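[1] Here's a sequence, model it:
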Amino acid sequence: MSGVIRIVIIDDNLSSLELLSTALEREGLSIHTANDPRQGLELVRSLRPRMVITDLVMPGMTGLDVLRQVMHLDPTIDVLLMTAHYTTETAVEAIRNGAADYLQKPVKIADLRERVRRLLEAAEKRRLAGNAGDNESDVRFEGLVAKSEAMWSLFAMVEKIAPHFRSLLLQGPTGSGKDLVAQALHQRSGVKGRFVVLNCSAVVETLFESELFGHVRGAFTGADRDKVGLFQLADGGTLFLDEIGDMPLNTQAKLLRAIQNQEVMPVGSLTPKRVNVRIIAATHRNLRQAVQEGRFREDLYYRLSMVELTLPPLAAHKEDIALLAVTFLRKFAQDFRKPTDGISQRALRVLERYSWPGNVRELEHVIGRACMLADGPTIDVDDLPANIIDACSEVLVSASEPGTSVLENQERVVMERVLRESNWNQSEAARKLGIGRDALRYKMKKHGLNPGSAISS
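    Numbers count the residues shown, from 1 in each chain. You can find the predicted model right below:
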């Protein structure tokens with residue numbers, strides 16, 4: 001962040017104004033104060049600050065009134081509300097009107113500084129994401145878009161290994177984009193054959209072999225003609241086995257043999273068929289645990305995981321949310337033939353605050369729905385699903401506890417979900433979150449996370 005960063009603080013309590021302004025001036029920020037909300041709004045109009053910090057309860061005009069007027073004046077300004085008491089109703093109203101965060105009174109200086117720092121960093125990321133369209137080559141990788149370091153590190157690995165791998169395991173939560181990464185691997189591999197997909201969770205157990213290896217006429221009841229299997233269709237290309245954790249054990253053994261020997265035997269045939277196929281397997285499951293429980297073959301796991309890529313949950317790279325949302329909106333606006341071409345700053349704040357258990361797929365669904373419902377050229381908070389507004393308001397209310405920020409609450413929610421998905425395996429969880437084990441242990445201790453403390457979400 002460059003240039004002078006101006007912040008306007010509005011509070012009818014002069015002692016509070018002095019305390020807050022002194023604390024933030026020591027951080028190198030340009031602080032302007034007002035003990036009257038109308039005077040504060042005049043400062044906002046003249047200074048166009050990066051942030052407004054306002055008390056919620058003041059004579060003549062509430063903090064929510066200040067929030068609404070600031071958002072009308074310039075929706076890119078972050079507004080941080082201060083109050084001693086929170087209610088769900090107030091939190092929902094604040095979210096709908098674009099509040100960036102809450103701060104509990106009496107204010108703790110360390111908490112104030114941390115909250116302001118995080119909001120300024122988030123605003124800078126939104127600004128960069130908003131400019132992404134000016135230089136699309138910097139954010140696009142095949143069919144994927146991202147600005148985050150986590151995703152571009154993944155893209156670099158894809159670029160590096162795509163020409164060389166024979167089999168590969170993609171791990172990541174449902175909806176994180178494993179199918180798109182698989183397509184990128186195929187595109188960057190340079191092979192000339194097809195990209196063929198099998199969703200293992202959608203195949204009846206008795207038909208797996210026929211789907212993969214094909215069959216000859218008369219091989220079983222209903223086999224009235226020869227069928228070419230997916231291995232042969234993918235010859236010279238890539239076979240993507242999505243949700244491989246759902247594949248039956250007996251089929252796993254035959255899959256391993258096909259990968260090792262590069263040949264398949266159609267059901268009912270005695271003549272093997274030679275194939276040259278690259279295998280990409282994907283799963284949201286913990287395959288190591290499945291091996292330990294006897295639900296997945298150890299030899300197949302090690303064959304596939306010689307090269308292993310892990311996609312992070314969307315909550316672990318929230319700096320991509322604005323870019324992804326705008327990208328999805330452009331697609332849906334064209335599909336629906338609607339003039340909707342923008343997302344309000346307050347709607348973006350809600351999207352960035354939500355924990356996204358369904359990951360990128362859920363975000364795409366939400367933007368598609370919002371585009372369909374939007375009456376004007378811009379998606380606003382009221383176009384978002386009620387469950388997202390409610391979830392964000394609950395986080396704000398819980399963040400009213402002294403010393404606890406919205407981001408810290410979100411961090412705890414995401415970490416607990418990933419730990420549960422990893423069955424509290426710290427190595428697995430650290431890999432999914434893209435952090436080291438020491439950092440994971442520190443954050444677990446900080447948030448009081450352990451199997452006995454887990455709560456349902």
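[2] and Ile7, that's in a strand?
    Yes. Secondary structure of Ile7 (DSSP: H, G, I helix; E, B strand; the rest coil): part of a strand.
[3] Need the pLDDT of it.
    Note on Ile7: pLDDT of 97.
[4] Pull the number of nearby residues for it.
    26 (other CB atoms under 10 Å). Backbone N, C-alpha and C define where each C-beta goes, glycine included.
[5] Likewise for Arg420?
    Neighbour tally, Arg420, other CB under 10 Å: 15.
[6] backbone phi and psi for it, please?
    phi -60, psi -40 (degrees, to the nearest 10).
[7] what about it, distance to Leu43?
    47 Å (CB to CB, to the nearest Å).
[8] repeat for Leu351
    Applying CB to CB to Leu351 and Leu43 gives a distance of 29 Å.
[9] who's more crowded, those two?
    Using other CB under 10 Å as the criterion, Leu351 and Leu43 rank with Leu351 on top: 24 against 18.
[10] Find the residue closest to the more buried one in space, skipping its chain neighbours.
    Ile321 (5.3 Å; CB to CB, 6 or more residues apart in numbering).
[11] hey, C-alpha coordinates of the helix or strand containing the one you found in CSV?
    Counting by DSSP states H and E, the element that carries Ile321 is helix 321-336. Extracted in CSV, the C-alpha atoms of helix 321-336 (Å, rounded to 0.1, in the frame of the first residue of the first chain):
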residue,chain,number,x,y,z
ILE,A,321,-13.0,-14.5,-4.4
ALA,A,322,-13.5,-11.1,-6.0
LEU,A,323,-11.8,-12.1,-9.2
LEU,A,324,-13.6,-15.4,-9.4
ALA,A,325,-17.0,-13.7,-8.6
VAL,A,326,-16.5,-11.2,-11.4
THR,A,327,-15.4,-14.0,-13.8
PHE,A,328,-18.5,-16.0,-13.1
LEU,A,329,-20.7,-13.0,-13.4
ARG,A,330,-19.4,-12.2,-16.9
LYS,A,331,-20.2,-15.8,-17.9
PHE,A,332,-23.7,-15.8,-16.4
ALA,A,333,-24.6,-12.4,-17.7
GLN,A,334,-23.8,-13.6,-21.2
ASP,A,335,-25.7,-16.9,-20.7
PHE,A,336,-28.8,-15.1,-19.2
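[12] Show me what it is packed up against.
    Packing partners of helix 321-336 (3 or more CB pairs under 8 Å, 6 or more residues apart in numbering; DSSP states H and E): helix 109-130, strand 144-145, strand 342-343, helix 345-353, helix 359-373.
[13] Which residues outside the last one are in contact with it?
    Going back to what we said before, that points to helix 359-373. For helix 359-373, the surrounding residues in contact (CB atoms under 8 Å, 6 or more residues apart in numbering) are 173-177, 313-314, 321, 324-325, 328-329, 332-333, 336, 338, 340, 347, 351, 356, 358, 379, 383-385, 388.
[14] got the angle for that helix vs helix 321-336?
    If you take axes from the mean of the first three to the mean of the last three CA atoms, to 10 degrees, helix 359-373 sits at 50 degrees to helix 321-336.
[15] And the average pLDDT for helix 359-373 is what?
    On average, helix 359-373 scores 96.
[16] where along the stretch 101-250 of the chain do the strands fall?
    Assigned by DSSP state E, counting those that start in this stretch, the strands in the stretch 101-250 of the chain fall at 101-104, 140-141, 144-145, 167-171, 195-199, 214-215, 227-228, 238-242.
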